[in-house]
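Asker: build the 3D model from these lines:
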Amino acid sequence: MPISRLTAMLHSDPPPFPPTLLYNEGWLLRLVIDCFATYAIPGHPLSVPSAARWFSEALLPSPFLARYQGDPLAESWTHADGAIGHFGIGRETKTGLSLLPEAHHLAIIEAKLFSLLSSGITHAPYYDQAARTVACIAEVLRRADRHPADFSRMGFAVLAPQSQISAGIFDDPLNRDSIRRKVERRVAGYDGEKDRWYAEWFEPTLERIEIDVFSWEDLLGLIAAQDVPSADDLHEFYDRCIHHNRPPHAGARRVTPKS
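Answerer: Numbering: from 1, shown residues only. Model (predicted):
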C-alpha cells in the first residue's frame, strides 16, 4: 500500500521526507500504549483497565482559561501526549478530554526523547509543564465532579530514555513541593478568585496522584518479556527514534510550551 511504500523510502539515502515525522516520541508512545492495551500487560501504571480506553493528543482544560477577552492571566488548553482511563473525547473541543460519570481511572502521559519538560507560559514563565499538567488534571476532575478519593488510580507519568532520567533532568520539575509552589504562585495572581479551587481540587489531586518516570528501555523490556509478537520491531523502531532525534551536542534541548 502507498503508506508502507513511503515509510520504506525513509531508509533510502536521502529520504524523501524527514524521518522524524515517523520516528518520534508521539508514534513511539502510541505503539507502546497499544501493546499495553492489546496484550493486557498486568500490574503496571500504563496498563489499560477494563472499560477504559487510551487516546493520543488529547486536550486538557486549564483552570486558568480566559475569563474575558484579553485576560492577561489566561492560558489555553494543555496537550497531553497520552491518556488512559474512563473518559470521552470531543465534548467541548474536538479533542478535549472529559471524564465519564463513574470514572475511577485516569493517567496522563508525557513522552520525551531528548527534550526537557517545557518551561513556563508567556504570562507565567515559572509555570512549567509538570505543574500545568497536574493543575489541568485537577480541573478535569472538578468539571466532572469526581473527587480524587473516588479514583483507584490517578497518575501523571513521563516516559523518556534512561540516559535522560539518569541525568536527573526530571527530578526537580516532578517534585511535589516544586509543583505545589508553582501552582500556588499561579493561583496567587488571581487575588483569591482561585483559592477555593486550589483547596478543594488541586491539593487533594496532588495528594492522591502518582507521579512516575519510566524509561523506554524498561517498558520495551517488559513488553518483550510478555512475548508480544511485535516486540523486536518495536525495539527497532525505538532505536531509529533515538538515531534520528539525538541532538548533535550533549545535553537536552529546551522546547516551547504546547499550550
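Asker: in stretch 26-43, which residues are buried?
Answerer: Residues 27-33, 35-37, 41 are the ones in stretch 26-43 that count as buried (16 or more other Cβ atoms under 10 Å). The way it works is simple: take the backbone N, C-alpha and C, and place the C-beta from them, glycine included.
Asker: please read the previous query as pertaining to stretch 131-139.
Answerer: Residues of stretch 131-139 classed as buried under the neighbour-count rule (16+ other Cβ under 10 Å) are 131-139.
Asker: pull the residues that contact it.
Answerer: 60-64, 75, 77-78, 80, 106, 108, 110, 121, 154, 156, 173, 178-179, 182-183, 186, 197, 201-202, 204-206, 209, 211, 257, 259 (Cβ atoms under 8 Å, 6 or more residues apart in numbering).
Asker: identify those among the residues you listed that sit within helices.
Answerer: 178-179, 182-183, 186, 197, 204-206 (DSSP state H).
Asker: now for these: which two are most distant?
Answerer: 178 and 197 (19.8 Å; Cβ to Cβ).
Asker: what about residue 170, how many neighbours?
Answerer: If you count neighbours by other Cβ atoms under 10 Å, residue 170 ends up with 20.
Asker: swap that for residue 10, please
Answerer: Residue 10 has 17 nearby residues by other Cβ under 10 Å.
Asker: also residue 227?
Answerer: Going by other Cβ under 10 Å, the residues that sit close to residue 227 add up to 8.
Asker: returning to what we had before: now distance to residue 53, pLDDT and secondary structure too, for the buried residues of stretch 131-139, in CSV please.
Answerer: Shown next, in CSV, are the buried residues of stretch 131-139 (distance: Cβ to Cβ, whole Å; pLDDT from 0 to 100; DSSP: H, G, I helix; E, B strand; the rest coil):
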residue, distance to residue 53, pLDDT, secondary structure
131, 26, 97, helix
132, 23, 97, helix
133, 19, 98, helix
134, 22, 98, helix
135, 23, 98, helix
136, 19, 98, helix
137, 17, 98, helix
138, 21, 98, helix
139, 20, 98, helix
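Asker: understood, closing this out.
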